[in-house]
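Asker: Got a sequence here, can you model it:
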Amino acid sequence: MLGTRPAAGSRLHIDGATIGYDKRVIARELSVSIPDRSFTVIVGPNACGKSTLLRGLSRLLKPSAGQVVLDGADISSFKTKDVARRIGLLPQTAIAPDGITVADLVARGRYPHQGFLRQWTQADEQAVAKAMNQTAVTDLSGRLVDELSGGQRQRVWVAMALAQQTDIMLLDEPTTFLDITHQIELLELFTDLHHVGHTLVAVLHELNHAARYGTHLIVMKEGHVIAEGIPEQIVTAELIEDVFGLRCLVVPDPVAGTPQVVPLGRERAARSEGKKV
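Answerer: Predicted structure coming up:
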């Protein structure tokens, strides 16, 4: 299965795209539709094309065939600032300029809204303050970014993406470097944004987080979309074993009721097959 036809009315989708780096193709004839106002999560094993798909959706990678469509037009036809006013991006590896403070980095999220006739306004100030408050980095505003811990830096980058105030946000492994408490806080924040109408697309490694928080899952393997849909319909033990090579049980999450993946482990998997370990 290479993907699905774009859903009618979807603001962002990929049509029959071939995407890769230089001459190395990662995905061929890829068609993926991002449901409007969904919290879409892309999952799959390492090097399966998750981040490549996200980079294609953001216009960081141009397909060698096919196209990425944003609001009914090829995304390559938009000016950079026009895309940035519609799509916010948190890349997997973001590098801050030397000597920049947290407040100044978050303020860069307002750059797409600036212009020759529109300079910094009170609305920009409020957007930055709100984003920093949402990500709990207000107390760090005067600190240099390169002095922060990995988890603190990640929250600052998320704040910058939030300050951009776009309807669509693309998040490449946003919980990287965060401890479990901050992972959940950030995922809850994304859920809140989804509930007020934002469309979010995130690459996550933690399957149970994806199933609990995602409203739409895209499962990838070797550059192809293997399955997509709501977690309750597609997350099965058979799918997890096929995609990840992991023997497991899928049971209801005792809190959320969403699918929860419980690895069997080598010994228990062998016992379930009646083998000696």
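Asker: in the stretch 1-150 of the chain, which ranges drop under the pLDDT threshold?
Answerer: In the predicted model, the stretch 1-150 of the chain carries pLDDT under 70 at residues 1-9, 116-117.
Asker: Please enumerate the helices of it.
Answerer: 50-58, 80-86, 102-107, 122-134, 150-163 (DSSP state H, counting those that start in this stretch).
Asker: a markdown table for these, including mean neighbour count and distance to residue 169?
Answerer: To be clear about C-beta, it is placed using only N, CA and C from the backbone, and glycine gets the same treatment. Below are the helices of the stretch 1-150 of the chain laid out as a markdown table (neighbours: other C-beta atoms under 10 Å; distance: least, C-beta to C-beta, whole Å):
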| stretch | mean neighbour count | distance to residue 169 |
| --- | --- | --- |
| helix 50-58 | 24 | 10 |
| helix 80-86 | 15 | 10 |
| helix 102-107 | 22 | 15 |
| helix 122-134 | 16 | 12 |
| helix 150-163 | 22 | 6 |
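Asker: export these to JSON lines and tack on distance to residue 225?
Answerer: Listed next are these as JSON lines, based on distance: least, C-beta to C-beta, whole Å:
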{"stretch": "helix 50-58", "distance to residue 225": "8"}
{"stretch": "helix 80-86", "distance to residue 225": "23"}
{"stretch": "helix 102-107", "distance to residue 225": "34"}
{"stretch": "helix 122-134", "distance to residue 225": "32"}
{"stretch": "helix 150-163", "distance to residue 225": "25"}
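Asker: Out of those helices, which is closest to residue 220?
Answerer: Between residue 220 and the helices of the stretch 1-150 of the chain, the shortest gap by C-beta to C-beta is with helix 50-58, which sits at 5.7 Å.
Asker: Could you tell me the angle between the longest helix anywhere in the chain and helix 122-134?
Answerer: The residue-count maximum for a helix in the chain (DSSP state H) belongs to helix 180-195. On the basis of axes from the mean of the first three to the mean of the last three C-alpha atoms, to 10 degrees, helix 180-195 is oriented at 140 degrees to helix 122-134.
Asker: Buried residues in helix 180-195, which are they?
Answerer: 182-183, 185-187, 189-190, 193-194 (16 or more other C-beta atoms under 10 Å).
Asker: Just give the strands next to the next helix or strand after that helix in its sheet, each with its orientation.
Answerer: Helices and strands here follow DSSP states H and E; after helix 180-195, the next one along the chain is strand 199-203. Strand pairing for strand 199-203, using DSSP bridges, gives strand 39-43 (parallel), strand 168-172 (parallel).
Asker: For those strands, please prepare TSV with the additional fields mean neighbour count and distance to residue 58.
Answerer: TSV is the format used below for these (neighbours: other C-beta under 10 Å; distance: least, C-beta to C-beta, whole Å):
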stretch	mean neighbour count	distance to residue 58
strand 39-43	26	13
strand 168-172	24	5
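Asker: Compare those strands and give me the one nearest residue 21.
Answerer: When these are compared by C-beta to C-beta, strand 168-172 sits nearest residue 21, at 15.1 Å.
Asker: starting at the chain centroid, how far to the closest one?
Answerer: 5 Å (C-alpha atoms, centre = their mean, to the nearest Å).
Asker: ok, residues contacting that strand?
Answerer: Here strand 168-172 makes contact (C-beta atoms under 8 Å, 6 or more residues apart in numbering) with 11-12, 34, 51, 54-55, 57-58, 86-92, 158, 161-162, 190, 193, 198-203.
Asker: quick check: angle from that strand to helix 50-58?
Answerer: Going by the same axes, to 10 degrees, strand 168-172 makes 150 degrees with helix 50-58.
Asker: Only C-alpha atoms, please: export strand 168-172 in CSV.
Answerer: Provided in CSV are the C-alpha atoms of strand 168-172 (Å, rounded to 0.1, in the frame of the first residue of the first chain):
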residue,chain,number,x,y,z
ILE,A,168,-0.8,24.0,10.5
MET,A,169,2.2,22.8,12.6
LEU,A,170,4.8,20.2,11.6
LEU,A,171,6.7,18.7,14.4
ASP,A,172,9.7,16.4,13.8
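Asker: Just want the angle from it to helix 150-163.
Answerer: 160 degrees.
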